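Engineer: Need a 3D model of the sequence below.
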Amino acid sequence: MPILVITGTGTEVGKTVTTAAVAATTLAAGRTVAVLKPAQTGVRPDERGDADEVARLAGAVRTLELARFPDPLAPATAARRASLPPVGPAEVAEAAAKLAAEYDVVLVEGAGGLLVRFDEEGGTLADAAQLLGAPVLVVASAGLGTLNATELTARELSRRGVHLTGVVIGSWPDSPDLAARCNVADLPVVAGAPLLGALPEGSGTLPPADFRATAASWLAPTLGGTWDASDFRSRVL
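Structural biologist: Sure thing, here's the model as predicted:
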């Protein structure tokens with residue numbers, strides 16, 4: 001998969017740290033990686049964005065940010081409030097395709113969920129994935145409410161004919177409750193796609209060297225790692 005689009009079921013689900021884990025695992029396999037962040041919101045020009053955080057954790061990745069807007073809002077709204085031009089799906093697809101000509105793997109990290117609007121025409125990350133013909137990895141939360149959000153995301157991808165590679169739990173709690181434990185079995189069912197990993201809570205706070213050394217243990221072989229869904233399920237249920 002030369003281009004992989006990474007989306008979340010919402011905000012604060014561990015999407016950036018998951019992107020970093022995929023990047024670190026890919027780099028460890030000897031492949032070159034580029035990370036594309038179409039629209040970064042909620043940060044000033046002098047602050048580090050999500051792509052910068054991926055590079056800090058994962059290592060030598062090429063990063064590209066197409067636009068940055070200061071308000072922590074959906075890209076279309078943030079662009080409008082800043083009186084700046086938005087980023088459309090065609091621009092995202094063009095940038096990803098150019099990176100794919102130079103790098104082995106391109107990771108496109110969205111903003112929030114799949115249907116967050118990029119522009120006033122209603123363009124979304126899902127539209128960019130369609131234009132690219134690229135698969136999508138969904139990062140989901142562990143606890144109560146995640147099944148509905150995950151299934152809605154999966155259904156929209158299916159409706160558009162976009163391949164859902166699988167689901168990663170972006171932050172697995174140290175002390176999972178009953179809902180989280182049951183969701184390990186239920187997430188792949190509602191998604192119609194395999195569970196491809198679970199990142200321990202707080203993974204993004206690890207020193208970069210430790211993060212890179214352990215990232216593969218959080219991801220399934222499909223993503224270049226060693227994580228085993230059956231073993232994980234048997235341990236938590």
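
Engineer: Chain neighbours aside, what residue packs nearest to A180?
Structural biologist: A142 (4.3 Å; CB to CB, 6 or more residues apart in numbering). To be clear about C-beta, it is placed using only N, CA and C from the backbone, and glycine gets the same treatment.

Engineer: Check L131 too.
Structural biologist: Using CB to CB, 6+ apart, the nearest residue to L131 is A93, at 3.9 Å.

Engineer: in this protein, which ranges drop under the pLDDT threshold?
Structural biologist: 1 (pLDDT under 70).

Engineer: can you give me the helices in it?
Structural biologist: 15-28, 50-58, 75-81, 89-100, 125-132, 146-160, 178-191, 208-214, 229-236 (DSSP state H).

Engineer: Can you tell me which of those helices is nearest to T9?
Structural biologist: helix 146-160 (3.8 Å; CB to CB).

Engineer: quick one: the residue of the chain positioned farthest from its centre from E12, how far?
Structural biologist: For the chain, the residue at maximal distance from the C-alpha centroid (CA atoms, centre = their mean) is S83, at 27.5 Å. The gap separating S83 from E12 is 27 Å, by CB to CB, to the nearest Å.

Engineer: T32 too?
Structural biologist: T32 is 30 Å from E12, by CB to CB.

Engineer: higher neighbour count, the two?
Structural biologist: Of the pair T32 and E12, T32 is the one with more neighbours under other CB atoms under 10 Å, namely 14 against 11.

Engineer: thinking the more buried one is in contact with V105, fair?
Structural biologist: Yes. The pair formed by T32 and V105 meets the contact definition of CB atoms under 8 Å, at 7.3 Å.

Engineer: Which among the helices of the chain is found nearest to P38?
Structural biologist: Of the helices of the chain, nearest to P38 by CB to CB is helix 89-100, at 4.5 Å.
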